[in-house]
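K.L.:
My questions are about this predicted structure, shown below with the sequence.
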Amino acid sequence: MQNKINRSRKPMVTFVLIAVVVFGCLQPVFSSPHSKRVRQVSTAQPFDLKQGQTVSVKGTKLEIKVLEIQDSRCPRNVTCVWAGNGAVKLSVSLHGRNRQVLTLNTMNAQKFLSEQNYGGYKLALQTLNPYPGDGQSGDKVATLIVTKLRR
């Protein structure tokens, strides 16, 4: 009788072990978007982001997500009345709290800031590519830089 019980448990134990391994390997496929590892960037170093991408800044609790990129800049080799503007809308937070939406612009003027301060850091838009009329297609890429403000 004992031998029959042990033999009937072996397939069950084997099945359970296989299930644990398979579901363990599939975990990244079924994980929620909030559990994904976020790419880390360094302060004072430029980094690229596309719409929808998120980064965290090493050694801080600062997290930056690109919500939207709009580009109304005048294409190269075209005469326009207005030079236009590229705008990058960001969601920024510290410790996952105090979330704010900031917009950084390619045109640095009174209403169109290319840099803004948040939580003791300066966030600046360096470039927005590709430039309209360059003949390049694909997603817009914002190059940003984060620097710690001196107190």
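P.N.:
Sure, I can see it. Numbers count the residues shown, from 1 in each chain.
K.L.:
going forward, measure contacts and count neighbours with C-alpha atoms only.
P.N.:
Fine.
K.L.:
Enumerate every residue touching the spatially most central residue of the chain.
P.N.:
In the chain, the residue lying closest to the centroid (CA atoms, centre = their mean) is Thr54, at 1.6 Å. Thr54 makes contacts with 38-39, 63-66, as judged by CA atoms under 8 Å, 6 or more residues apart in numbering.
K.L.:
Ok, Val92 next?
P.N.:
Val92 is in contact with 62-65, 99-102, 118, counting by CA under 8 Å, 6+ apart.
K.L.:
Swap in 7 Å and give it another go.
P.N.:
Listed by CA atoms under 7 Å, 6 or more residues apart in numbering, the contact set of Val92 reads 63-65, 99-101.
K.L.:
Who are the contact partners of the nearest residue to Ala83 once chain neighbours are set aside?
P.N.:
Using CA to CA, 6 or more residues apart in numbering and skipping the chain neighbours, the partner closest in space to Ala83 is Cys74 (5.3 Å). Residues near Cys74 by CA under 7 Å, 6+ apart: 80, 83-84, 132.
K.L.:
count of neighbours near Leu62?
P.N.:
When neighbours are defined as other CA atoms under 10 Å, Leu62 has 20 of them.
K.L.:
in the sheet, who's paired with it?
P.N.:
Counting by DSSP bridges, Leu62 is bridged to Leu94.
K.L.:
pretty sure it contacts Ser91?
P.N.:
No. Using CA atoms under 7 Å, Leu62 makes no contact with Ser91, being 10.6 Å away.
K.L.:
thinking again about what came up before, buried ones from the contacts of Cys74, can you make that a ChimeraX selection?
P.N.:
Restricted to buried positions by 16 or more other CA atoms under 10 Å, the ChimeraX selection for these reads:
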select :132
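K.L.:
List just the nearest of the contacts of Cys74 to Lys58.
P.N.:
In terms of CA to CA, no member of the contacts of Cys74 lies closer to Lys58 than Pro132, at 32.8 Å.
K.L.:
Ser56 touches Ile64, doesn't it?
P.N.:
Yes. Counting by CA under 7 Å, Ser56 touches Ile64, with 6.2 Å between them.
K.L.:
Do you know the pLDDT at the residue nearest to the centre of the chain?
P.N.:
You'll see Thr54 listed with a pLDDT of 97.
K.L.:
All good on my end, thank you.
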